[in-house]
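**Student:** Sequence and predicted structure, then a few things I'm wondering about:
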Amino acid sequence: MTTRIIGTGSSLPRQTVTNEDLSKIMDTSDEWISSRTGIRERHLAKEETTASLSVEAAGKALQNAGVLAEEVDLLIVATITGDYVTPSTACEVQAGLGASRAVAFDINAACSGFMFALHTAHAYLQTGIYRTALVVGAETLSKIMDWNDRSTCVLFGDGAGAAVVRAFGEDGMEKGGSENGFGGLLAFEQGSDGLRGKVLACEGRRNNNPLVQNPLVPSYVGMDGQEVYKFAVSTVPASILRVLDRAGVDAGEVKYFVLHQANIRIIQSVAKRLRADVGKFPLSLDHCGNVSAASVPILLDEMNQKGMLEKGDKIVMSGFGGGLTWASAVIEW
Ligand code: ACO
């Protein structure tokens, strides 16, 4: 039995904000941002919400897969920027899509979130509990940025990406049905290091009750950029090598490395450490910025829409970020 991605979708807010636009409202420049990160513009939400972006991305993924909302058994949204503490974004998406049969819940693993959600769906599918899952990564990070902190706010953007995943039998045939999908998950590996969590953090509400008063002050993303950089360039290549080993796939066989889009320098460094051609690392960060949990599925959908993915292609996907967390997978498309 294997888990296959049978459809993808994505959604970006209508409004784009270029580095040049930002340089008019803060002390920064296109040169500083693009030379250090590769980011040229990002989409920022005005009327869009994490749920509305998720619904649009998920609806497109279902359409791409030829699957009806009522067929979805499991709906997982990875996000750190849900519109409500409760209900979960996944429950909002369930309502928005009419996915009435689905069990819906959120996962918080920051920039690794989509990969954690994909692995969770895979586990449910492999054990036979569910057959069809919808996995979404979605963020409106702009609402947790301090727009007076130029060292963080220029890096991030808003958006959502989604994938429909389904359990298939050993022979590649859908259980009890025809072969209408492709792409098998060959291996997975993931990890967490809570001891280093504070290098990338955004505090929630503090205790506020009859025993202790804390005024309600908004908190924003804070980051030790250099520590995050060191974490990423050491952990991601090691994770990718482990998952390739687990899948029995040589790095040279991989057509694309679909990495979390944090920073071009991180991606270049990972490519170098893997001795892989950097041309095998497609990018969306130039026009999306860092969209945390949405980065990997947005990029995957862009590749799918462009026809870059062919049956049998070996693809590595890898997410890394807050927690600290990381997760990598090898899939055969
Ligand atoms: N525009 C202009 N100048 C800036 C800006 C800005 N937007 N932001 C910071 N600066 C200034 C700083 O004030 C500092 O000035 P100073 O030397 O006068 O004090 C100078 O630029 C250098 O600042 P650093 O923080 O040391 O810049 P650095 O070269 O480390 O680059 C960056 C920062 C790009 C964030 C880098 O640390 C990095 O790539 N980190 C990786 C982490 C990352 O990408 N995080 C994204 C989110 S986490 C994730 O998704 C995994």
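**Tutor:** Happy to help now that I have it. Numbers count the residues shown, from 1 in each chain.
**Student:** and the residue in the stretch 101-250 of the chain positioned nearest to the ligand, how far is that from residue 192?
**Tutor:** Nearest residue of the stretch 101-250 of the chain to the ligand: residue 225, at 2.7 Å (C-beta to the nearest ligand atom). Quick note: C-beta positions are derived from backbone N, CA and C, even for glycine. In this view, residue 225 and residue 192 are 21 Å apart by C-beta to C-beta, to the nearest Å.
**Student:** what does residue 240 give?
**Tutor:** Distance of residue 240 to residue 192, computed by C-beta to C-beta: 17 Å.
**Student:** Between those two, point out the one with more neighbours.
**Tutor:** residue 240 (26 against 15; other C-beta atoms under 10 Å).
**Student:** Could you find the closest non-adjacent residue to the more buried one?
**Tutor:** Nearest residue to residue 240, sequence neighbours excluded (C-beta to C-beta, 6 or more residues apart in numbering): residue 328, at 5.2 Å.
**Student:** Can you give me the distance of that neighbour to residue 43?
**Tutor:** Taking C-beta to C-beta, one finds residue 328 at 26 Å from residue 43.
**Student:** can you check residue 118 too?
**Tutor:** In terms of C-beta to C-beta, residue 118 sits 23 Å off from residue 43.
**Student:** still on that earlier bit, the residue of the stretch 101-250 of the chain closest to the ligand reaches residue 154, doesn't it?
**Tutor:** No - the pair residue 225 / residue 154 is not scored as a contact, 11.3 Å apart, by C-beta atoms under 8 Å.
**Student:** neighbour count winner among the two?
**Tutor:** residue 154 (24 against 15).
**Student:** Double-check that one against residue 28; I have them as touching.
**Tutor:** Yes - if you go by C-beta under 8 Å, residue 154 and residue 28 touch, sitting 5.8 Å apart.
**Student:** okay, and the common contacts of those two?
**Tutor:** 19, 22 (C-beta atoms under 8 Å, 6 or more residues apart in numbering).
**Student:** where does the stretch 101-250 of the chain have low pLDDT?
**Tutor:** Counting by pLDDT under 70, the ranges of the stretch 101-250 of the chain that qualify are 170-183.
**Student:** Determine the three-state secondary structure at the residue of the stretch 1-150 of the chain found nearest the ligand.
**Tutor:** Among all residues of the stretch 1-150 of the chain, residue 28 sits closest to the ligand, at 3.3 Å; criterion: C-beta to the nearest ligand atom. Secondary structure, DSSP: H, G, I helix; E, B strand; the rest coil: residue 28 is coil.
**Student:** That one: neighbour count?
**Tutor:** 17.
**Student:** Over to residue 210?
**Tutor:** Using other C-beta under 10 Å, residue 210 has 5 other residues around it.
**Student:** Also residue 217?
**Tutor:** 8.
**Student:** Those residues of the stretch 101-250 of the chain touching the ligand, which are they?
**Tutor:** Contact residues, the stretch 101-250 of the chain versus the ligand (C-beta under 6 Å from any ligand atom): 111, 150, 151, 154, 155, 200, 223, 225, 226, 228, 229, 232.
**Student:** The closest residue to residue 109 other than its chain neighbours: helix or strand, and which one exactly?
**Tutor:** Residue nearest to residue 109 in three dimensions, not counting chain neighbours: residue 116, with 4.0 Å by C-beta to C-beta, 6+ apart. Using DSSP states H and E, residue 116 sits in helix 113-126.
**Student:** Same question for that helix: list its buried residues.
**Tutor:** Neighbour counts over helix 113-126 (16 or more other C-beta atoms under 10 Å) mark 113, 114, 115, 116, 117, 118, 119, 120, 121, 122, 124, 125 as buried.
**Student:** of the residues you listed, closest to residue 288?
**Tutor:** residue 114 (13.7 Å; C-beta to C-beta).
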